[in-house]
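> Dropping the sequence and predicted coords here.
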Amino acid sequence: MSELHNLSVKALANLLQTQQVSAVEVATRFLARMGGNPHNAYLDIDSEVTLAQARASDAKLADGTAGPLEGVPIAHKDVFVTRDFATTAGSKMLSGYRSPFDATVVQRLRTAGMVTLGKLNCDEFAMGSANENSAYGPVQNPWDTTRVPGGSSGGSAAAVAAALAPAATGTDTGGSIRQPASFCGITGIKPTYGRASRYGMIAYASSLDQAGPMARTAEDCALLLSAMCGGDIDRDSTSLDMPTEDFAASLNNSLDGLRIGIPKEFFGEGLSADVRAAVDSALREYEKLGAKLVPISLPRTELSIPVYYIIAPAEASSNLSRFDGVKFGHRAKDYTDLVDMYKKTRAEGFGNEVKRRIMTGAYVLSHGYYDAYYLQAQKIRRMIADDFQNAFKQCDVIAGPVAPSVAWKFGENANDPVADYLADIFTLPASLAGLPGMSVPAGFGAGGMPVGLQLIGNYFKEAQLLNAAHRLQQATDFHLQKPAGV
Ligand code: GLN
């Protein structure tokens, strides 16, 4: 079993259910690999907690009360609050914070039997595209440690790519599951807005935030997504009261006649040649599988950048007002009065990017600017969603690149936040529309770095997306490639 850490969630679940391996054995293997915290992927590890959960799983496997994913380890992005591990959201503001409850997603995965390996590094409050905005240091890309892993779920993507966890949770507000999955050569899906409960997910931009799984294969993502999703209407009013769906059940449907829309705006000037080549070859693979490529247009693609970077900061400026040094988290040591305490606490607790967004958000919401920025952005957001509905009259699934380039080198964009914003161009439209989207390994580009293919589906068509991704993975082996030494 020397390759235990390279097994899929599905394979591990099978071995555990048939008791060919114990949950403690599996957890021990991953904990050993996590020693020394390679790539700075984890923010909190507690082997006692993990092993206690694994022992409880072994007891359930022995007495026949095991859940479907009993004993399979998973690690959580540090944006999900957890009772048994600290939660910081990558911010100094929440250093050492412990939640009195588990996020719904965490709790659901525990109910399915999964064992928690720890908490994963991310950009502060999930704001970023490179994991360079974490207060606890950047995460390295396991394919090339001089490059970023993507963001904001950079720790999640790096942990799966480096086999420091067989699966991870991520959150995606404007691309934070898809883009790091693409940069690290793994598979990730952001479901339709409302599929997964946001309860216990530290809020960034509430009208966009969604949770989703990151793993090696589409099949694993299907198993995990089924376990994660489900109505939670009493605790998250935007969660959809829909029955749990068995996404793995529809993984072997034929792609014969599937119409794949190719938005011309996703293949323009800004797309680098290496990414285009990998995406094109994946599309040719789809043609071989019986799909038909249909040219489509998403005319407001470019506008998604200013629209997102108005709406997301606006919501963030409101959501982050709760970090005031009173209820939880950091409080400045020396202050003269209440206002001084607020000011110093927030000045010390937040990093530069978070401050930039709070200020932008407060500005676009302020009297006199609200109509010109926020209201206008909301209107264009609606038009972007309408563009997708027009496109879905001609196609079943939309395909294109996840990002314009492969993972960049550390520091390349560090003093240029706008460069990072622009790199989000292909993931923002689906986020603004609330549509499900995923990243599927599609080959390699410059520097041997992974390239992801983005698949976007209509509302609630996750099963169709996962099936399309799974079929590609049956025909290719990009998702099985590993960084050196893993
Ligand atoms: N890169 C985008 C941002 O910085 C998206 C982040 C996310 O999806 N959480 O806001």
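All right, it came through fine.
> where does the protein have low pLDDT?
In the predicted model of the chain, residues 1-2 satisfy pLDDT under 70.
> Centre-most residue in it?
The residue lying closest to the centre of the chain (Cα atoms, centre = their mean) is Ile177, at 2.3 Å.
> Is that residue in contact with Ser153, as I believe?
Yes - contact criterion Cβ atoms under 8 Å: Ile177 and Ser153 qualify, at 5.7 Å. The C-beta positions use only the backbone N, C-alpha and C, and glycine is treated the same way.
> which residues do those two both contact?
With contacts defined as Cβ atoms under 8 Å, 6 or more residues apart in numbering, the residues shared by Ile177 and Ser153 are Gly170, Thr171, Gly188, Met214.
> Could you find the closest non-adjacent residue to the last one?
Same thing as Met214. Among residues not flanking Met214 along the chain, Gly188 sits closest, at 4.1 Å (Cβ to Cβ, 6 or more residues apart in numbering).
> Could I get the contacting residues of that neighbour?
Contact partners of Gly188, counting by Cβ under 8 Å, 6+ apart, are 153, 157, 170, 172, 177-178, 180-181, 212-215, 221, 438-439.
> can you list the residues of the stretch 301-450 of the chain near the ligand?
Contact residues of the stretch 301-450 of the chain with respect to the ligand, defined by Cβ under 6 Å from any ligand atom, are listed as Ala312, Asp424.
> Nearest to the ligand within the stretch 301-450 of the chain, name that residue for me.
Here the residue of the stretch 301-450 of the chain nearest the ligand is Asp424; by Cβ to the nearest ligand atom that distance is 4.8 Å.
> Could you count how many residues lie near that residue?
Burial of Asp424, expressed as a neighbour count using other Cβ atoms under 10 Å, amounts to 23.
> thinking again about what came up before, ok, the residue nearest to the centre of the chain - contacts?
Ser153, Ser156, Gly170, Thr171, Gly188, Ile189, Lys190, Gly212, Met214, Ser439.
> Inside strands: which ones of the residues you listed?
Counting by DSSP state E, the contacts of Ile177 place Gly170, Thr171, Gly188, Ile189, Lys190, Gly212, Met214, Ser439 in strands.
> Any of those buried? List them.
Among those, those that count as buried by neighbour count (16 or more other Cβ atoms under 10 Å) are Gly170, Thr171, Gly188, Ile189, Lys190, Gly212, Met214, Ser439.
> Spell out which residues sit in contact with the second one, please.
Remark: with contacts taken as Cβ under 8 Å, 6+ apart, Thr171 is in contact with 77, 79-80, 126, 152-153, 177, 201, 204, 209-212.
> just the first one next, same as before
Gly170 makes contact with 77, 153, 156-157, 176-177, 180-181, 188, 211-214 under the criterion Cβ under 8 Å, 6+ apart.
> ok, back up a step: from Arg110, how far out is the residue nearest to the centre of the chain?
20 Å (Cβ to Cβ, to the nearest Å).
> Just list whatever residues bridge to Pro263.
Residues found in beta-bridge contact with Pro263 (criterion: DSSP bridges) are Ile296.
> Just confirm Arg259 contacts Ile296, I think it does.
No - with contact defined as Cβ under 8 Å, Arg259 does not count as touching Ile296 (9.5 Å).
> Give me the neighbour count for the nearest residue to Asp84 once chain neighbours are set aside.
Spatial nearest neighbour of Asp84, excluding adjacent residues (Cβ to Cβ, 6+ apart): Val49 at 4.7 Å. The local packing of Val49 (other Cβ under 10 Å) involves 18 other residues.
> what's the next secondary structure element after the strand or helix carrying Val49?
Using DSSP states H and E, the secondary-structure element containing Val49 is helix 47-63. Heading C-terminal from helix 47-63, the first helix or strand you meet, by DSSP H and E, is strand 73-77.
> Give the residue farthest from the middle of the protein.
For the chain, the residue at maximal distance from the C-alpha centroid (Cα atoms, centre = their mean) is Thr336, at 41.2 Å.
> Phi and psi next, for it.
When quoted as degrees, to the nearest 10, the phi and psi of Thr336 stand at phi -90, psi -40.
> Spit out the contact partners of it.
With Cβ under 8 Å, 6+ apart, Thr336 has no contacts at all.
> distance of it from Lys343?
Separation of Thr336 from Lys343 (Cβ to Cβ) stands at 10 Å.
> For the helix holding Val49, buried residues please.
Within helix 47-63, the residues that qualify as buried by neighbour count (16+ other Cβ under 10 Å) are Ser47, Val49, Thr50, Leu51, Gln53, Ala54, Ala56, Ser57, Asp58, Leu61.
> angle of that helix against strand 73-77?
Computed by axes from the mean of the first three to the mean of the last three Cα atoms, to 10 degrees, the angle separating helix 47-63 from strand 73-77 equals 140 degrees.
> How about residues contacting helix 47-63?
16-17, 19, 22-24, 26-28, 31, 66-67, 70-71, 73, 84-85, 110, 113, 115-118.
> ok, now with 10 Å
In this structure, residues lying in contact with helix 47-63 by Cβ atoms under 10 Å, 6 or more residues apart in numbering are 16-19, 22-28, 30-32, 34-35, 46, 65-67, 69-73, 75, 82-85, 110, 113-118.
> Closest to Leu480 out of the contacts of Thr171?
Ile177 (20.3 Å; Cβ to Cβ).
> For that closest one, what are phi and psi?
Main-chain dihedrals, Ile177, degrees, to the nearest 10: phi -100, psi -50.
> same deal with Ile456?
Comment: the main-chain dihedrals of Ile456 come out as phi -120, psi 130, following degrees, to the nearest 10.
> OK, contacts around the closest residue to it other than its chain neighbours?
Setting aside the residues directly before and after it, Ile456 is nearest to Ile398 in space (Cβ to Cβ, 6+ apart), at 4.2 Å. By Cβ under 10 Å, 6+ apart, the contact set of Ile398 is 259-263, 266, 294, 296, 298, 388, 391-392, 429-430, 435, 437, 454-458, 465.
> hmm, 8 Å instead?
By Cβ under 8 Å, 6+ apart, the contact set of Ile398 is Ile260, Gly261, Ile262, Pro263, Ile296, Leu298, Phe388, Ala391, Phe392, Leu455, Ile456, Gly457.
> Can you lay out those as TSV showing neighbour count?
Supplementary listing: the contacts of Ile398 in TSV, determined by neighbours: other Cβ atoms under 10 Å:
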residue	neighbour count
Ile260	21
Gly261	24
Ile262	18
Pro263	23
Ile296	22
Leu298	24
Phe388	24
Ala391	19
Phe392	20
Leu455	29
Ile456	29
Gly457	25
